[in-house]
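Chemist: got a predicted structure here, sequence first:
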Amino acid sequence: EDSAMLSSALRGRGGTLGRSLPRLFSSQPAGALNSLDIEHFASIIGGHNVVTDAQELEVYNTDWMRKYRGNSKVALRPGSTADVSAILMHCNERRIPVVPQGGNTGLVGGSVPVDDEVVVSLSRMNQVLSLDEHAGNLICQSGCVLESLQNYVWERGYTMPLDLGAKGSCQIGGNIATNAGGLRYLRYGSLHGTVLGLEVVLADGTVLDNLSALRKDNTGYDLKQLFIGSEGTLGIITACAMALPRAPKSIQLAYLGCDSYEAVLQTFASAKRDLGEVLSAIEFLDRESLELVAGHAEGFRDPLEHKCRHYMLVELSGSNEAHDVEKLEAFLEGVMDDGYVRDGTVASSADQSAHIWSIREGITEALSKSGRVYKYDVSIPLDQLYSLVEVMRDRLAPVGAEVSGFGHLGDGNLHLNIHTPGVFHKVDAVQDAIEPYVFEWIAERRGSISAEHGVGVMKPPFLHMSKSAGMIDMMRGIKKMLDPNGILNPHKVLPPLQAALNERAA
């Protein structure tokens with residue numbers, strides 16, 4: 001009876017669930033991909049969209065930081081929701097595991113194969129379907145690149161509610177699947193609030209059509225929320241409807257230098273008090289992060305005269321330039337008189353603004369050029385945020401690793417970066433000094449081991465440090481119900497069942 005009700009609830013344009021769902025994952029082994037499968041995929045999407053050449057597969061098998069590597073023998077490039085449905089229907093019947101892939105800009109290995117899973121790339125599904133210029137609702141396919149969407153909606157008087165350093169490559173479907181946060185989370189909030197509707201293909205090919213652009217719909221369970229942040233483990237997002245904020249008419253950007261993290265916190269408190277209604281972003285970085293960018297960015301110039309211990313970017317987005325400038329000037333006068341800010345500058349042109357943002361957005365690339373990087377994206381109470389950087393710096397100095405930190409101050413989100421200068425291979429002594437200590441430190445302070453990057457293949461063994469056993473059991477139950485054969489993005493998000501049982505018994 002429960003299966004029949006589920007079948008009815010999930011009826012969509014791609015068909016229905018035609019059989020009862022087993023209570024546990026299938027015990028059948030994963031199907032071995034063969035030439036008949038390749039021929040079948042070609043019959044769905046055309047042979048030119050079935051990638052089997054080893055050299056061409058390299059980009060699908062490796063993440064952009066070259067930290068994670070799979071061994072997929074085929075990547076598929078569907079052009080429509082119907083294509084994705086047909087692919088998943090076949091893979092589910094054959095027990096062939098699948099990895100959905102967007103721009104492949106993730107940092108926890110969630111978008112690359114672990115073994116030889118079939119990669120389903122959404123890059124061809126990159127069309128804007130509609131934009132309601134009265135309501136500010138965008139409907140588009142999931143393969144749209146974030147920067148392309150930003151340019152499209154900006155020309156029509158709107159802005160996207162998220163902005164990331166990887167915006168030139170990342171795709172909106174991947175952003176939603178990982179619940180990406182980004183630079184303006186402080187102003188526009190989570191994708192759980194700005195995504196209005198989704199179209200999702202489930203493991204057996206069923207199309208869940210929830211592509212509604214309504215701002216209010218209080219008719220039962222809000223199923224789209226299951227897929228936001230699910231990292232492709234419950235279904236493949238093929239299209240989305242999003243609420244767009246109006247594009248600001250005035251954007252002001254200040255770059256500030258502080259001599260201590262306590263001064264950073266005091267400046268942040270002043271910004272929330274004095275700039276609240278127009279505040280759109282507050283970012284911070286330490287001196288170590290700035291020097292990394294300075295050492296690797298061509299034509300780098302320091303915006304400030306004085307060397308400071310910490311730096312802040314404070315952005316205002318409003319509708320009245322004179323009003324915003326007046327507020328910013330009063331704020332800056334106050335924090336400098338109070339001694340919180342030692343030095344600062346305000347961007348007076350688009351070029352100056354772009355240069356200041358390039359410092360913040362260039363840190364990750366600079367790190368990748370410096371050596372092997374061990375990245376951690378965490379949430380911690382603000383008053384202890386930078387303490388983690390200092391603790392890890394002391395802990396890792398004996399093994400030759402350097403530690404820096406930057407992040408989204410307004411969200412309590414720290415990007416902890418550890419790298420080994422000039423050494424590009426993994427160093428076991430460094431890894432052992434980091435994990436599990438870093439996760440234990442965070443858990444003791446009731447933080448999150450993943451603020452915005454997701455869990456991927458990197459963090460499932462540590463999921464219990466942010467989620468209770470009951471919550472993990474419920475997540476596992478949802479996975480079993482929607483993907484009973486376990487074909488969708490295996491080895492990601494959820495810890496292996498035996499490992500979870502061992503942890504509980506310990």
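Modeler: That came through fine.

Chemist: CA atoms for contacts and neighbours, from now on please.
Modeler: Will do.

Chemist: hey, which helix is longest across this protein?
Modeler: For the chain, the longest helix by residue count, based on DSSP state H, is helix 321-337.

Chemist: residues contacting that one, please?
Modeler: Applying C-alpha atoms under 8 Å, 6 or more residues apart in numbering, the external contacts of helix 321-337 come out as 249-252, 267, 270-271, 274-275, 278, 316-318, 341-343.

Chemist: quick one: which helix or strand includes Pro161?
Modeler: Under DSSP states H and E, no helix or strand contains Pro161.

Chemist: could you pull up the residues touching it?
Modeler: Pro161 touches Arg184, Tyr185, Tyr188, Gly189, Thr194, Ala243, Leu244, Pro245, counting by C-alpha under 8 Å, 6+ apart.

Chemist: wait, Leu234 sits on Ala203?
Modeler: Yes - Leu234 is within contact range of Ala203, at 7.3 Å (criterion: C-alpha atoms under 8 Å).

Chemist: anything in contact with each of the two?
Modeler: Common neighbours of Leu234 and Ala203 (C-alpha under 8 Å, 6+ apart) are Leu482, Asp483, Leu488.

Chemist: and the second one, how many residues sit next to it?
Modeler: When neighbours are counted by other C-alpha atoms under 10 Å, Asp483 registers 23.

Chemist: what about the residue nearest to it when sequence neighbours are not counted, how many residues close to it?
Modeler: Nearest residue to Asp483 in three dimensions, chain neighbours excluded: Ala203, at 5.5 Å (C-alpha to C-alpha, 6 or more residues apart in numbering). For Ala203, the neighbour count with other C-alpha under 10 Å is 28.

Chemist: quick check, central residue of this structure?
Modeler: Ala180 (3.4 Å; C-alpha atoms, centre = their mean).

Chemist: how near is that one to Thr194?
Modeler: 12 Å (C-alpha to C-alpha, to the nearest Å).

Chemist: with Glu298 instead?
Modeler: For Glu298, the distance to Thr194 - C-alpha to C-alpha - is 37 Å.

Chemist: more neighbours: the two, which one.
Modeler: It is Thr194, of Glu298 and Thr194, that has more neighbours when counted by other C-alpha under 10 Å, with 19 against 8.

Chemist: enumerate every residue touching the more buried one.
Modeler: Pro161, Tyr188, Met242, Ala243, Leu244.

Chemist: touching, the last one and Gly157? I think so.
Modeler: No - counting by C-alpha under 8 Å, Leu244 sits too far from Gly157 to count as a contact (9.7 Å).

Chemist: narrow the contacts of Thr194 to those in helices?
Modeler: Tyr188.

Chemist: number of nearby residues for Arg445?
Modeler: Neighbour tally, Arg445, other C-alpha under 10 Å: 12.

Chemist: and the pLDDT at it?
Modeler: Here, the pLDDT recorded for Arg445 equals 94.

Chemist: so how far is Gly229 from the residue nearest to it when sequence neighbours are not counted?
Modeler: Nearest-residue entry for Arg445: Ile380, 7.1 Å, with adjacent residues in sequence omitted and distances by C-alpha to C-alpha, 6+ apart. According to C-alpha to C-alpha, Ile380 and Gly229 sit 20 Å apart.

Chemist: return the set of buried residues in stretch 425-433.
Modeler: Within stretch 425-433, the residues scored as buried using 16 or more other C-alpha atoms under 10 Å are Val430.

Chemist: pull that stretch out as CSV, backbone CA atoms only.
Modeler: Taking Å, rounded to 0.1, in the frame of the first residue of the first chain, the C-alpha atoms of stretch 425-433 are listed here in CSV:
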residue,chain,number,x,y,z
HIS,A,425,51.8,15.2,-3.6
LYS,A,426,49.8,14.1,-0.5
VAL,A,427,51.9,14.0,2.6
ASP,A,428,50.6,11.4,5.1
ALA,A,429,52.0,13.2,8.1
VAL,A,430,50.1,16.3,7.2
GLN,A,431,46.9,14.4,6.6
ASP,A,432,47.2,12.6,9.9
ALA,A,433,47.8,15.8,11.8
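
Chemist: mean confidence score for that stretch?
Modeler: Here the average pLDDT along stretch 425-433 is 96.

Chemist: do stretch 273-287 as well
Modeler: Per-residue scores along stretch 273-287 average to 95.

Chemist: what sits up against it?
Modeler: Contacts for stretch 273-287 (C-alpha under 8 Å, 6+ apart): 183-188, 268, 271-272, 308-318, 324, 327-328, 331, 360, 404-410.

Chemist: now stretch 415-434
Modeler: For stretch 415-434, with C-alpha under 8 Å, 6+ apart as the criterion, the contacting residues are 367, 370-378, 389, 392, 395-396, 399-407.

Chemist: neighbours of the closest residue to Asn413 other than its chain neighbours, just the number please.
Modeler: The shortest distance from Asn413 to any non-neighbouring residue, by C-alpha to C-alpha, 6+ apart, is to Ser379 (4.6 Å). Counted with other C-alpha under 10 Å, the neighbours of Ser379 add up to 23.
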